[in-house]
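Asker: Kindly return the folded structure for what I paste below:
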Amino acid sequence: MTYIVTDPCVKCKFMDCVEVCPVDCFYEGENFLVINPDECIDCGVCEPECPVDAIKPDTEDEPDGKWLEVNSKYARVWPNISVKGTPPADREDFERETGKFEKYFSEKPGDGK
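Answerer: Predicted coordinates for the structure are as follows:
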């Protein structure tokens with residue numbers, strides 16, 4: 001099992017999860033974070049840190065494995081982060097919105113700082 005980041009993270013990117021990860025397996029996109037499933041040690045400390053409940057075990061992924069695929073793909077190309085950065089200023093406007101991936105997801109990498 002591994003943990004994955006899902007739709008609620010898009011445009012919120014709070015990053016509380018990053019600071020508690022003991023193996024630094026988070027990668028940053030412009031408006032989304034992902035977990036590298038090959039690096040995740042399944043400790044689960046990140047899951048309760050997410051204020052929008054975006055982190056889930058991969059056993060709760062969609063039947064087609066969408067989120068595991070998204071996390072795997074972008075962890076290969078986005079910069080690794082180990083320190084909490086600054087979340088988007090307008091994140092609260094998007095916290096409870098659903099279907100954000102299809103509407104707002106950006107493939108661009110984040111700053112990685």
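Asker: I'd like the average pLDDT over the lengthiest helix in the chain.
Answerer: When the chain is parsed with DSSP state H, its longest helix is helix 66-75. Averaging pLDDT along helix 66-75 gives 98.
Asker: And D111, what's its pLDDT?
Answerer: 88.
Asker: F105 contacts T6, correct?
Answerer: No: the criterion here is Cβ atoms under 8 Å, and F105 misses it with T6 at 11.5 Å. For every residue, glycine as well, the C-beta is placed using N, CA and C.
Asker: what about the two, which has more around it?
Answerer: Set F105 next to T6 and count neighbours by other Cβ atoms under 10 Å: T6 wins out with 22 against 18.
Asker: Give me the most central residue, the protein.
Answerer: L33 (3.1 Å; Cα atoms, centre = their mean).
Asker: Could you double-check that it lies in contact with V18?
Answerer: Yes: using Cβ under 8 Å, L33 is in contact with V18, at 7.3 Å.
Asker: Strands along the protein, start to end?
Answerer: Remark: strands assigned in the chain by DSSP state E are 3-5, 26-28, 33-35, 55-57, 80-81.
Asker: what pairs with the shortest one, and is each one parallel or antiparallel?
Answerer: Pairing partners of strand 80-81, with direction, according to DSSP bridges: strand 26-28 (antiparallel).
Asker: So what touches the strand it pairs with?
Answerer: With contacts defined as Cβ atoms under 8 Å, 6 or more residues apart in numbering, strand 26-28 is touched by 13, 17-18, 33-36, 46, 74-75, 78-82, 85, 109-112.
Asker: As a quick check, tell me the outermost residue of this structure.
Answerer: P63 (18.9 Å).
Asker: distance between the ends of stretch 83-94?
Answerer: Start and end residues of stretch 83-94 are separated by 23 Å (Cα to Cα, to the nearest Å).
Asker: Please point out which parts of that stretch sit buried.
Answerer: Residues 91, 94 are the ones in stretch 83-94 that count as buried (16 or more other Cβ atoms under 10 Å).
Asker: now that stretch, how far from the centre of its chain.
Answerer: 13 Å (Cα atoms, centre = their mean, to the nearest Å).
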